[in-house]
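K.L.:
Model the structure of this input:
(chains A and B)
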Amino acid sequence: MEFGWPEAQRKYRERVRSIIDRDLPEDWPEIHRHGLASPEQAKAGRVFAGKLAKEGLLVQHWPKEFGGGDGEPWEHFILGEEMWPRGEPRGPQYMNVNWLGPALMKYASAEQRERFLPPIIAGDVIWCQLFSEPSAGSDLAAMQTKSVRVGEEYVVNGMKVWTSYARLAEWGFLLTRSGPARRDITILLVDMKSPGITIRPFPGIVEDGHLHEVYFDNVRVHVENRLFEENRGWEPVTYALNYERVGVQRYQIIHDAMHQAVKELKRRGTFDNDPLVQRDAGIVLAKCEASRLISYEVVDQRARNLPPSEDASVARMSAKECIMAFNDFVSTWMPEVLSEEPIGGDWQLSWAHSFTIASAIAAGAYEIQCDIVATRQLGLPRGA
Amino acid sequence: MNFALSSDQQALLDGLAPILARHQEMPREGRLSRHYYDHGLDQALADGGFLDIASVEEFSPLEAALVVDAIGTLPSVVEAATTLLVAPKVLPSGFPRPVTLISGPLHFPQRYLPVAKIALYQFEGDLLAIEVDPDNVELADSIFAYPYGRFRQLPDLDKATRLGPDKIPILQQWWRVALAVEAGRAMEQAVNFTVDYVRERHLFGRALGSFQTVQHRLAEGHQYARGARYLALRAAWSSDPVDAATAATYAQIHIDQTRFDTHQFNGGMGISNEHLLHFWTYRMRALESEMGGPGGNAVAVSRLAFAA
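P.N.:
Presented below is the predicted three-dimensional model:
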């Protein structure tokens, strides 16, 4: 056991930083103010992700046989730690490399991999995750969007909601109900321009343009776009969610945002002599660091090729802790940043708040993570 | 970054395991006493060289912390945390032990004072090493699951060894590490103990542990304990004062919920002396207030981390 970064990983981090400094557009703060789900950031993200790809950094952690660099999972994590506090210059494509690509590598056919992986590797495609429905969020298996096999096609009818990046996406990773059993789930890789798909953005307290309803009205998807076997989609979904739970380095977003918050409070002269605000700031940092180490444990397991475990859920729980502490801190000590123009043009504080509002809901609500940890890791009996 | 034990670390803990196994059961007199100290375990650890590893070149404070962490699985107590993590940083090698850390005013009851040879005391900007005269110590009844004692008469501080003002921040840093290591393990033991109990205990026709409200709170306790242990071990590894304050803060801010929940789920049994739970929870309680408590340590995190 040891907690240090090897020289190679330190150099890797330095390289990532230097590339961000070099390739981030000069007007990045202005672009990012439109939000992670904005056309402006998606467009800039394509350029930036393309540059990362050319540097061999976008999918460095993927196996070489699938176009990656055989890098350590740590390298992918370091990349995320450097990207997220800068507002995620990859744009929505972070999902591609975090969980979507790995799910395709494990479950897609050779033809599908040949078709879908290259654009991801090149940093030139946006996907959206079509999981949640009005009555199927945390209880994902309750989904009602149906797919019916008709010849060589599936006909899809239903509705998805809370979908991030839907209006930007070329492709959707769509979960459908395809049989009578609760887990008769079939995954379809759907062209988002398909006839019958209607996308409606709706406002929320997260950034504008982030949330969408997606309607499917007799949408036809060819059977060659089915991922894995019919009715056996639950397995890839579980696999993907395990990756997604630690896919965003939220502790790093909060850590950096806290430093920015304190810098601003110091500038105002309301930090250095107030032990109450110092106490609250210290608690946020402590929770960040706990979440960091609990997340690192998951990465370490991946680096040692251990099977996925419920530790990803513990990590997700810990992320909620530091996010809630940070959001309380901001609401208590500098609430104006949530309603005013960003301080000095700096967007990171308000963005960190709005981006993380839904973190205890997405990828399986906090309570689902508690269920998973309690029953599968602690071995407590399931309820009646 | 590697969360697996190295071969040396594993060998160290493998060597410790048989000693801990022999002392796994707390004797009845220990359960019913408010001053119990496992002298047999202390002697076995000393004989095995485990209390000297801070002076062994191949080992770092992380290995010392791993030993303290492992000892913390036992319901019995011995003074190991200060000996292994604090005293080596401020006292000359070969110091007599056990060592106690004076918390609060000198006349207050102090942890381990009944067995201590040396007391470390922050006084007027200096760190003092007070040689403890056992005849000048009386037992203090305490709920805190450590042996507590108080000085019958305040010791003559002019006779104490002055270790120097520069030792104060070092003491504070490693005290934070030591309390975090002990607290993290105590939290984990309390949660594990309770998990075992609620799996078996049936109420309303079902296992208590099948109720979601119980499950979620124990899952949280599990998370807090894990975070506390890793932060403490990292602080021992890094020798960084920010990490030390962070570890102490995190452990202390989560002690209250962990203590409350584990006692709730053990019900009345948990507050009986024969039950083991209170050894973990009231040890945690004692550690909760040290080095300024959760508020004081959180302020320390801020002052250290945001100093620039």
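
K.L.:
From the centre of chain B, give me the residue that's furthest out.
P.N.:
residue B:205 (38.5 Å; C-alpha atoms, centre = their mean).

K.L.:
Relative to residue A:287, how far out is that one?
P.N.:
To residue A:287, residue B:205 is 38 Å away according to C-beta to C-beta, to the nearest Å. Glycine gets a C-beta too; all of them are placed from N, C-alpha and C.

K.L.:
Kindly report the same for residue A:65.
P.N.:
From residue A:65 to residue A:287 the distance is 39 Å (C-beta to C-beta).

K.L.:
Strands along the stretch 51-200 of chain B, start to end?
P.N.:
B:99-101, B:110-111, B:118-123, B:126-131, B:137-140, B:148-151, B:161-162 (DSSP state E, counting those that start in this stretch).

K.L.:
same thing with the stretch 1-150 of chain A?
P.N.:
So, for the stretch 1-150 of chain A - with DSSP E, counting those that start in this stretch - the strands run A:127-130, A:146-150.

K.L.:
quick one: the shortest one to chain centroid distance?
P.N.:
Read that as strand A:127-130. 11 Å (C-alpha atoms, centre = their mean, to the nearest Å).

K.L.:
same question for it, mean pLDDT?
P.N.:
If you average the pLDDT over strand A:127-130, you get 96.

K.L.:
who does it touch, helix- and strand-wise?
P.N.:
strand A:171-177 (3 or more C-beta pairs under 8 Å, 6 or more residues apart in numbering or on different chains; DSSP states H and E).

K.L.:
The strand it packs on to strand A:146-150, inter-axis angle?
P.N.:
Angular relation of strand A:171-177 and strand A:146-150 on a 0 to 180 degree scale: 90 degrees, by axes from the mean of the first three to the mean of the last three C-alpha atoms, to 10 degrees.

K.L.:
where does whichever residue of the stretch 1-150 of chain A sits closest to chain B fall, phi/psi-wise?
P.N.:
Closest contact between the stretch 1-150 of chain A and chain B, by C-beta to the nearest C-beta, is at residue A:3 (4.6 Å). Main-chain torsions, residue A:3, degrees, to the nearest 10: phi -120, psi 20.

K.L.:
Verify the stated contact: it with residue B:61.
P.N.:
No - applying C-beta atoms under 8 Å, one finds residue A:3 not in contact with residue B:61, separated by 12.0 Å.

K.L.:
Common neighbours of those two, please.
P.N.:
When contacts are counted by C-beta atoms under 8 Å, 6 or more residues apart in numbering or on different chains, residue A:3 and residue B:61 are jointly contacted by residue B:237.

K.L.:
higher neighbour count, those two?
P.N.:
Neighbours per residue, other C-beta atoms under 10 Å in any protein chain shown: of residue A:3 and residue B:61, the larger number sits with residue B:61, 24 against 18.

K.L.:
ok, the more buried one - contacts?
P.N.:
Contacts of residue B:61 (C-beta under 8 Å, 6+ apart): B:54, B:85, B:174, B:177, B:236, B:237, B:239.

K.L.:
ok, back up a step: find me the pLDDT at the residue of the stretch 1-150 of chain A closest to chain B, would you?
P.N.:
At residue A:3, pLDDT is 97.

K.L.:
how much space between it and residue B:143?
P.N.:
Residue A:3 is 35 Å from residue B:143, by C-beta to C-beta.

K.L.:
Right, I'll call it a day here.
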